[in-house]
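Engineer: below: sequence and its predicted model.
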Amino acid sequence: MRLQLSWLVCLAVLASGCSRAGKSQSNAAIQEAIEGYLQKQSNVMLSNMTVEVKQVRIDGDRATADVNFRSKQSPDLVMGRHYVLRQVDGQWQVESSSSPGGMGGPHGGPPMPQPAAPSATQVAPQPSH
């Protein structure tokens, strides 16, 4: 009985480790697909920003990912995009992208930087008359 219980515990530990490794590999593959997609966009300077994949949701051969782009020159400058991906022949491909609120440019459009929340040292602009 103890031997069977030990085997069950070992199998459970192995299964959870494999599940985490698979998820991690999938997240990396999705980030790679998004970065590859962006490199093909002539109007995106990927070398000037850090790509931060915040959340990935996978449902079979479909996935969504929320991504932040942070300027390397001005780290307070952050822009978010929501990506929809599809897996074709084992490879993730970007189908569309949009601003996080569903508003914004056309699918697959270039990221438009948005400033992060003002810091205590920043002064809010005054309205003009």
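Structural biologist: Yep, it's here.
Engineer: so what's G80 up against?
Structural biologist: Contacts for G80 (Cβ atoms under 8 Å, 6 or more residues apart in numbering) come out as 54, 66-69, 99-100, 114. For glycine as for every other residue, the C-beta is placed from the backbone atoms N, C-alpha and C.
Engineer: go on, D89?
Structural biologist: D89 sits next to no residue when contact means Cβ under 8 Å, 6+ apart.
Engineer: about what we covered before: out of the contacts of G80, which is most surrounded?
Structural biologist: Ranked by the number of neighbours (other Cβ atoms under 10 Å), these place V67 first, at 23 neighbours.
Engineer: I figured that residue was touching Y83, is that so?
Structural biologist: Yes: the pair V67 and Y83 passes the contact test of Cβ atoms under 8 Å, sitting 6.2 Å apart.
Engineer: any common contacting residues for the two?
Structural biologist: I34.
Engineer: from the contacts of G80, which single one is nearest N43?
Structural biologist: Distances from N43 to the contacts of G80, taken as Cβ to Cβ, are shortest for F69 (13.4 Å).
Engineer: helix or strand: which one has Q31?
Structural biologist: Using DSSP states H and E, Q31 falls within helix 2-39.
Engineer: ok, then the element right after that helix?
Structural biologist: Remark: after helix 2-39, the chain's next helix or strand is strand 49-59, criterion DSSP H and E.
Engineer: which strands and helices sit next to the helix or strand following that following strand?
Structural biologist: Toward the C-terminal end, the helix or strand that comes next after strand 49-59 (DSSP H and E) is strand 62-71. Judged by 3 or more Cβ pairs under 8 Å, 6 or more residues apart in numbering; DSSP states H and E, the packing partners of strand 62-71 are helix 2-39, strand 49-59, strand 77-88.
Engineer: just the residues contacting strand 62-71, thanks.
Structural biologist: If you take Cβ under 8 Å, 6+ apart as the criterion, strand 62-71 is touched by 26, 30-31, 34, 48-57, 77-87, 92, 100, 111, 113.
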